[in-house]
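# give me the fold of what follows.
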Amino acid sequence: MSDAPIILWFRRDLRLSDHIALSAAVETGRPIIPVFIHDEVVETHGAAPKWRLGLGVEHFAQRLESIGSRLVLRRGDARVVLDGLVQETGATTVWWTRAYDPDSIERDSGVKSALEGQEVEAKSHPGHILFEPWTVETKTGGYYKVYTPYWRAVKDRGQDAALPAPTELRAPDSWPDSDAIADWGMGAAMDRGADVVRLYLTLGEEAAQQRMATFVQHRIGDYDNARDFPGVEGTSGLSENLTYGEISPRACWHAGVRAMEDGKDGAETWLKELVWRDFAYHLVYHTPRLTSGNWRPEWDAFPWNEDERLSEVKAWKRGRTGIRFVDTAMREIYTTGRMHNRARMIVANYLTKNLMCHWKIGQKWFEHCLVDWDPASNALGWQWASGPGPDAAPYFRIFNPVTQLDKFDKDRAYVTAHLAELSDQPPETALAFYDAIPKRWAMSPDDAYPEKPIVGPKEGRERALQAYENRTF
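Model (predicted):
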């Protein structure tokens, strides 16, 4: 029994280095069977994140093969699949890295209960975030609802050193059968957009580590300033890799701390952004309603539009609102699978305040389009921007997207890169949008750009403020 295989269930932790569960399994000296399951949680993913996850799994499978192991692929209900693998392999242990969103918790709780009922050791390990949600408490023993006190509570906590990647994994005597990932069709919903967005991806552990090294060496010093300008490369870009666990948050933390000790001015601000990701999971764990409904229930009566068929919503999704900052950002997300953080605030503000549409519409669209989609960060971001969330921006703060563009894209580098209608000779980045979008949208770079916005900044602000003044809470 002591030499029975360990099933190591990989999810959003597609790496070998600084993987606590993997390192613990290696230390036992027992055979290890790495497994990825296209399960009930994966099934719910939107087009871009499901496709990007599939690419990450393919790449990780190759990484495992390079050290003499392999990744077993199965599709189905996680409990059923793992039960079958236990029976097939004689494994007495199933380990995985913890997740904290409500859908994953429900799945994992069911799996653990079922396995333990069969006297199989089922154990979860940390590794997806820096600070486990239950380990950060206020002085009264509650959870944090505001970010700044949360940051103060964790900023001086130490982090253990990152673990090295194993150079080999002991194989089982025989390998269970594996699905072919191509048969899963994880990119089917991307349609023709896959070929366009693929050019902007950075896949795998090695590439993620190089991305971090480049950022720390060349850009982290100016991060405080450059991160607000979408037309320049001022951020790390690591949200994509953190989403799929191709780099650990602990490795990122240590890199940021070293940069801060080296006197690089932007390092602490970058660490705060890394901890903001943790804060999102802290909130989702303690108040799981954050992902599916208004965190502040008094907002349930607010008169947002919830009809996605509305022409204004279609114009917002397609980058045809007539507001250049908004339209540029909505083209960027469809072409690259990413959107700059400043732009995310602007498009969320415009949808929920100027257009008076429910934040769930935007949350759902981002889940469809973002390759770095994260259930906690996406939910918190939309609720923060629109008003009903914890630690929210004041509901009466309404960005003017015109003045924001003048401030953060003064030379129009961002606009030029993505809005083809405004250039006599648009760059490939702008033209690629038309290769990615559904043909039914019937859009062309030869179309005239809207002469006036569907809702202007002044009109939208006044309408939103009136609705806020008439609110019943």
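
# helix, strand, or coil at residue 313?
On the three-state scheme (DSSP: H, G, I helix; E, B strand; the rest coil), residue 313 is labelled helix.

# that one: neighbour count?
When neighbours are counted by other CB atoms under 10 Å, residue 313 registers 20. The way it works is simple: take the backbone N, C-alpha and C, and place the C-beta from them, glycine included.

# give me the distance between it and residue 465.
Here residue 313 is placed at a distance of 21 Å from residue 465 (CB to CB, to the nearest Å).

# repeat that for residue 441.
Here the distance between residue 441 and residue 465 works out to 33 Å (CB to CB).

# show me the protein divided up by domain.
With domains defined by automatic domain parsing, the chain comprises 1-126, 129-160+191-286, 297-469.

# and those: which comes nearest residue 167?
Each of the domains of the chain was scored for nearness to residue 167 using CB to CB, and the closest is domain 1-126 (6.1 Å).

# centre of the chain to the closest one, how far?
Its chain's C-alpha centre lies 20 Å from the corresponding centre of domain 1-126 when counted by CA atoms, centre = their mean, to the nearest Å.

# and if you look at stretch 174-193?
How far stretch 174-193 lies from its chain's middle: 21 Å, per CA atoms, centre = their mean.

# export that stretch as CSV, just CAs?
Coordinates of each C-alpha in stretch 174-193 appear next as CSV, following Å, rounded to 0.1, in the frame of the first residue of the first chain:
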residue,chain,number,x,y,z
SER,A,174,1.4,0.9,-16.3
TRP,A,175,-0.3,4.0,-17.5
PRO,A,176,-4.1,4.3,-17.6
ASP,A,177,-5.6,5.2,-21.0
SER,A,178,-5.8,8.9,-21.9
ASP,A,179,-8.2,11.0,-24.1
ALA,A,180,-6.8,13.0,-27.0
ILE,A,181,-7.3,16.7,-26.2
ALA,A,182,-8.1,17.5,-29.8
ASP,A,183,-11.3,15.4,-29.4
TRP,A,184,-12.5,17.7,-26.7
GLY,A,185,-12.9,20.7,-29.0
MET,A,186,-11.9,23.2,-26.4
GLY,A,187,-11.4,25.9,-29.0
ALA,A,188,-14.7,25.3,-30.9
ALA,A,189,-16.4,28.4,-29.6
MET,A,190,-13.5,30.6,-30.7
ASP,A,191,-14.4,30.1,-34.3
ARG,A,192,-12.1,32.0,-36.6
GLY,A,193,-10.9,34.2,-33.8
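
# that one: which residues count as buried?
If you call a residue buried by 16 or more other CB atoms under 10 Å, then stretch 174-193 has these buried ones: 176, 181, 184, 186, 187, 190, 193.

# so which of the residues you listed sit within helices?
Secondary structure assignment by DSSP state H places residue 193 of the buried residues of stretch 174-193 in helices.

# hmm, back to that, in TSV: the domains of the chain, plus mean pLDDT and distance to residue 172.
Putting these into TSV (pLDDT from 0 to 100; distance: least, CB to CB, whole Å) gives the following:
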stretch	mean pLDDT	distance to residue 172
domain 1-126	97	4
domain 129-160+191-286	97	23
domain 297-469	95	33
